[in-house]
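Chemist: Fold the following and give me the result.
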Amino acid sequence: MTVALMWEARAVPGRGGELLAWARRQELPRRPLRRETLRAPQDRVLVITWWEAAYDAALPELPEPDGNLVTRAVHRWRFESVESVGPVVSGRSDDDGGRRIE
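Modeler: Got it, this is the predicted structure:
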C-alpha cells in the first residue's frame, strides 16, 4: 500500500520564503518513494511524502519549525492511495456515484 503524509505550515506574514527554504532543508532518516514541496498564498508551505507502508506504519515526518517562523502549529494528514476505477474523461473519472459521464 502507498501512504501519503502531508505536512502544512503557515509562516509569519512575509516569511514564506524562509519557511519554504527551511522545509526544503529538512532531511528524513529514510528516503520516501517521492517527496514534493509546494507553496500557496498566505505564506503557506505543503510537503507531501509517499511511502510504501501500511497505513498505520511509523514513518518519518518533518518536525515543527521554530515558533517564531510560523503562525500556528503544523497541520498533518495521512492518506492511503486508492486504485483508479477507470479512465478520466473531461477531467472526471467514471467513479462519479452513478452519474453518466459525457
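Chemist: Can you pull out the low-pLDDT segments for the chain?
Modeler: 86, 88-102 (pLDDT under 70).
Chemist: ok, residue 5 - contacts?
Modeler: Taking Cβ atoms under 8 Å, 6 or more residues apart in numbering as the criterion, residue 5 is in contact with 48-49, 51, 59, 61, 76-78. Backbone N, C-alpha and C define where each C-beta goes, glycine included.
Chemist: I'd like the list of the residues you listed that fall within strands, please.
Modeler: Among the contacts of residue 5, the members falling in strands (DSSP state E) are 48-49, 51, 76-78.
Chemist: Residue 41 and residue 2, how far apart?
Modeler: 29 Å (Cβ to Cβ, to the nearest Å).
Chemist: between the two, who's got more neighbours?
Modeler: Counted by other Cβ atoms under 10 Å, residue 41 and residue 2 do not tie: residue 2 has more neighbours, with 14 against 6.
Chemist: can you pull up the bridge partners for that one?
Modeler: Beta-bridge partners recorded for residue 2 (DSSP bridges): residue 52.
Chemist: What is the neighbour count of the residue nearest to residue 34 when sequence neighbours are not counted?
Modeler: Spatially, and ignoring its direct neighbours in sequence, residue 34 is nearest to residue 50 (4.3 Å; Cβ to Cβ, 6 or more residues apart in numbering). If you count neighbours by other Cβ under 10 Å, residue 50 ends up with 16.
Chemist: Distance-wise, check residue 50 relative to residue 42.
Modeler: Distance from residue 50 to residue 42, by Cβ to Cβ: 25 Å.
Chemist: Fine by me, we can end here.
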